[in-house]
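# Okay, predicted coordinates and the sequence, questions at the end:
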Amino acid sequence: MKKIALSSLIGAALLASTAQAEITANVALATDYMFRGISQTDNSAAISGGFDYGYEGFYAGVWASNVDENFYPGANVEIDTYLGWGGTSNDLSYDVGFLRYNYPSVKDSDTNTNEWYGSLGYDFGVASVKGGVAFSDDFFGTGNSGYYSLGVDVPIGDYAIAVGYGHQDMDNSKSYDHYSFGVSGEIVSLGWDLTWHDSDKDAHKAAGKDNLSDGRVVFTVSKSL
């Protein structure tokens, strides 16, 4: 269960929609690495970063973060690679692509996962709405999966309020819902984000660890280069 959120991919797609080829980079430091309502770092800090290449709507990129080896036995880093196509038409945004979650130090190949995704969004001015879907035929060794998300972003001056809902559907009946509510902004050229995450199911525990899907607040500082 990994990270590149569909909203991040849409951002890469919009950068790629310019006529000139563009390479961008990003780095972030967070108090936790949350993916679809579950901590990937056992409630500990995460540092992440990546590179994106875009040209006329097409884009490709790589992103990496530290992860907790107790959650994925033997893993200490996650490396995501992806490619897709997206852009905007008037106030409508769109994005489709392919994402692979990679764990180089894990011997079990079932942990590495392929996922196809797509999303549509619309900017109403006072708020923007985005819906997304993602599918995998073997989601981290659990079989077929579908992920469905809906988000609303509301700009308020120099800040933005974001409300999100997601449903992770899996063959092994461990399906669950998760929710988020956050505020973000920028200060001295750094992006910041303060978001509350929670899940409706206490099904994700590492041995001897706290529940990885308990509600929590995550603070993130990021920089685009």
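Sure, I can see it.
# would you list every one of the helices in this structure?
6-16 (DSSP state H).
# give the contact list for A60.
Counting by C-beta atoms under 8 Å, 6 or more residues apart in numbering, A60 touches D52, Y53, G54, T81, Y82, L83, G84. (C-beta placed from N, C-alpha, C; glycine too.)
# Nearest residue to the fifth one in space, please, no chain neighbours.
Read it as Y82. Nearest residue to Y82, sequence neighbours excluded (C-beta to C-beta, 6 or more residues apart in numbering): L99, at 4.2 Å.
# So what sits opposite that neighbour in the bridge?
Y82, E115 (DSSP bridges).
# What count of nearby residues applies to it?
23 (other C-beta atoms under 10 Å).
# And stretch 88-107, what's buried?
Across stretch 88-107, burial judged by 16 or more other C-beta atoms under 10 Å covers T88, S93, Y94, D95, G97, L99, Y101, N102, Y103, V106.
# what distance separates the start and the end of it?
One end of stretch 88-107 to the other measures 41 Å (C-alpha to C-alpha, to the nearest Å).
# do the same with stretch 99-112
Using C-alpha to C-alpha, the two ends of stretch 99-112 sit 11 Å apart.
# Check stretch 52-66 too.
One end of stretch 52-66 sits 19 Å from the other (C-alpha to C-alpha).
# same thing with stretch 59-79?
Stretch 59-79 has an end-to-end distance of 17 Å (criterion: C-alpha to C-alpha).
# buried sites along that stretch?
Within stretch 59-79, the residues that qualify as buried by neighbour count (16+ other C-beta under 10 Å) are 59-61, 63-69, 71-72, 75, 77-79.
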